[in-house]
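K.L.:
My questions concern the predicted model and sequence given below.
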Amino acid sequence: MANYYSATGMVDRNAAPALLTRDFDEIWAQRNELAGVKLGQFFNVERKDSGLTHTITSVTSQLALPHESSDTAALTYFTPAPGFPKTIVLITYRAGLRVTETMVLADRYDKVMGMVSGGIKAAGRLDEYNRAAIFNDAFTGTAGADSLPLCDDSHPHENNEAGVWDNKGTGALTGPNLQALRLLARKMTDPQGDPDWRTAKQVLIPEDLEEDAMVLVTSDGKPGGNLNDPNVLIKGLELVVSPYLSSAAQYYLITEAMDFDKGLHEVVLQDWRQADNNPISASIVFDKEIKATKAFAFTRSKAIFGSTGV
C-alpha cells in the first residue's frame, strides 16, 4: 500500500498515525546507524575558537643542493620556498524537530521519542557527504591552494624552478594501473624536486570496485600479468570501501601521512550539538535543534593519489 509522507518537522498525529491505533500487533523501530562512515580518517581536524574563515599555509625547510666550492670562494646562500595559502570559509548547518503533547499521550506503542533520536546521526551522514564531495570532485575545479584540483598531473612545487609533481592516474582498476599509481607515490618529489617517496597504505574504492580490488590485494600471483610472477607490491594493501563515493570508476591510493601533511582539512568552530529550543506552545513537549559550524576542504595533498578510472 502507499506510504504517504510529508517532512513538516513536526511529529504529530499526522506524522505517525499507526501509533494511535490498535491495528498492529507489533511496531518495530528501524536501526539508525552511520553505515559506511569511513572517510574521516583521511582528514586532519583543526578546531577554532573564533572567526568564520580559516587561512592555512605552510613553510618549507628543504633547500637546494650545496654547490662545489672552495674555502675562499664566494659563499652561495639558499632560501627555503614559501608554501601556498588557502582560505577556508566555515558554514553553519542547522535542523530542528518538534513533537506535540497529544502525540506523546496518544502513542499506544511508546515509539515516539525513539523516532526523534536520529538528529546527530543525520549530521554524521552530512559530514561524510561533505568529505566524499572532495574525492568525488578530485579531478576537476580550482579549489586547491595551487588553484588546481586535488589530483592533477602538474602541481607546481613551492620552488617553481623545481618543476611539477603528479598525483593523478588514469585507467580502470587493474593490477598494472594500481601499480602505476603506487609508482607515482614512490616517485614523489619534495619542494626542491628531490626524492620524497610516499609509502602506499590503503586503497579507497566505491562499492562497485570492491571485488576487483579484493582480488588485486589478495592474489598471490601478479594481477594482470604472468600469474607465475609473485604479487609483491600491492598485495596486502588495506581496502576502504565507501558508499558515499559517487563514481563507480574512480579509486584512490592513500599513503602514510600525519596531521597537516594529509592535505584534507575538517575545520571546526562548533561541532554538532543538540540543544532545546523554547517551544512556541505549551503543547509542544519536544523542540530541539542540532547545529554545527564547520567546513571541509583541501589544500594540496601528496598523501592521496587518485585515478579517474578511465
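P.N.:
The structure has been received and is ready for your questions.

K.L.:
can you give me the helices for the chain?
P.N.:
Along the chain, counting by DSSP state H, helices occupy 101-106, 112-115, 119-136, 175-186, 210-218.

K.L.:
neighbouring contacts of the third one?
P.N.:
Read that as helix 119-136. Contacts to helix 119-136, defined as CB atoms under 8 Å, 6 or more residues apart in numbering, come from residues 32-34, 36-37, 39-40, 42-43, 93, 95, 97, 150, 204, 242, 244-247, 250, 252, 264, 266, 272, 274, 288, 290, 292, 294, 296-298, 306. In short, each C-beta sits where N, CA and C put it, glycine included.

K.L.:
Buried ones among these?
P.N.:
With neighbours counted by 16 or more other CB atoms under 10 Å, the contacts of helix 119-136 contain buried members at 36-37, 39, 42-43, 97, 150, 204, 242, 244-245, 247, 250, 252, 264, 266, 272, 290, 292, 294, 296-298, 306.

K.L.:
Number of residues surrounding the residue lying closest to M10 once chain neighbours are set aside?
P.N.:
Sequence neighbours aside, R98 is the residue nearest to M10 in space, at 5.0 Å (criterion: CB to CB, 6 or more residues apart in numbering). Number of residues near R98 (other CB atoms under 10 Å) recorded here: 20.

K.L.:
ok, now which ones touch R98?
P.N.:
By CB under 8 Å, 6+ apart, the neighbours of R98 are G9, M10, V11, P279, I284, F286, D287, K288.

K.L.:
at 7 Å what do you get?
P.N.:
Taking CB atoms under 7 Å, 6 or more residues apart in numbering, we find R98 in contact with G9, M10, V11, I284, F286, D287.

K.L.:
So which of those sits lowest on pLDDT?
P.N.:
On pLDDT alone, G9 ranks lowest of the contacts of R98, at 77.

K.L.:
For stretch 241-252, give the mean pLDDT please.
P.N.:
pLDDT averaged over stretch 241-252 gives 98.

K.L.:
next one: stretch 91-101
P.N.:
Computed over stretch 91-101, the mean pLDDT rounds to 95.

K.L.:
For A29, which non-adjacent residue is spatially closest?
P.N.:
Spatially, and ignoring its direct neighbours in sequence, A29 is nearest to G114 (5.0 Å; CB to CB, 6+ apart).

K.L.:
burial measure for the one you found, as a count.
P.N.:
By other CB under 10 Å, neighbour count at G114 equals 12.

K.L.:
Also S58?
P.N.:
So S58, with other CB under 10 Å, has 17 neighbours.

K.L.:
Any stretches of the stretch 201-310 of the chain with poor pLDDT?
P.N.:
For the stretch 201-310 of the chain, the stretches with pLDDT under 70 are 225-227.

K.L.:
go with 90
P.N.:
Residue ranges of the stretch 201-310 of the chain with pLDDT under 90: 221-229, 278-280.

K.L.:
how about the strands in it?
P.N.:
Secondary structure of the stretch 201-310 of the chain (DSSP state E, counting those that start in this stretch): strands located at 238-241, 251-255, 264-276, 284-298, 304-307.

K.L.:
Show me what the first one packs onto, helices and strands only.
P.N.:
Meaning strand 238-241. strand 200-205, helix 210-218 (3 or more CB pairs under 7 Å, 6 or more residues apart in numbering; DSSP states H and E).

K.L.:
and these, which is most packed in?
P.N.:
Among these, strand 200-205 has the highest mean neighbour count (mean count of other CB atoms under 10 Å), at a mean of 21.

K.L.:
gap between that one and the chain center?
P.N.:
Its chain's C-alpha centre and that of strand 200-205 lie 13 Å apart, by CA atoms, centre = their mean, to the nearest Å.

K.L.:
Which one of the contacts of R98 sits in the busiest neighbourhood?
P.N.:
Ranked by neighbour count under the definition other CB under 10 Å, the contacts of R98 are headed by V11 with 21 neighbours.

K.L.:
returning to what we had before: now render the strands of the stretch 201-310 of the chain as a markdown table, adding distance to A81.
P.N.:
Formatted as a markdown table, these follow (distance: least, CB to CB, whole Å):
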| stretch | distance to A81 |
| --- | --- |
| strand 238-241 | 33 |
| strand 251-255 | 22 |
| strand 264-276 | 21 |
| strand 284-298 | 20 |
| strand 304-307 | 22 |
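
K.L.:
before we move on, back to that, name whatever forms a beta bridge with the residue nearest to M10.
P.N.:
M10, D287 (DSSP bridges).
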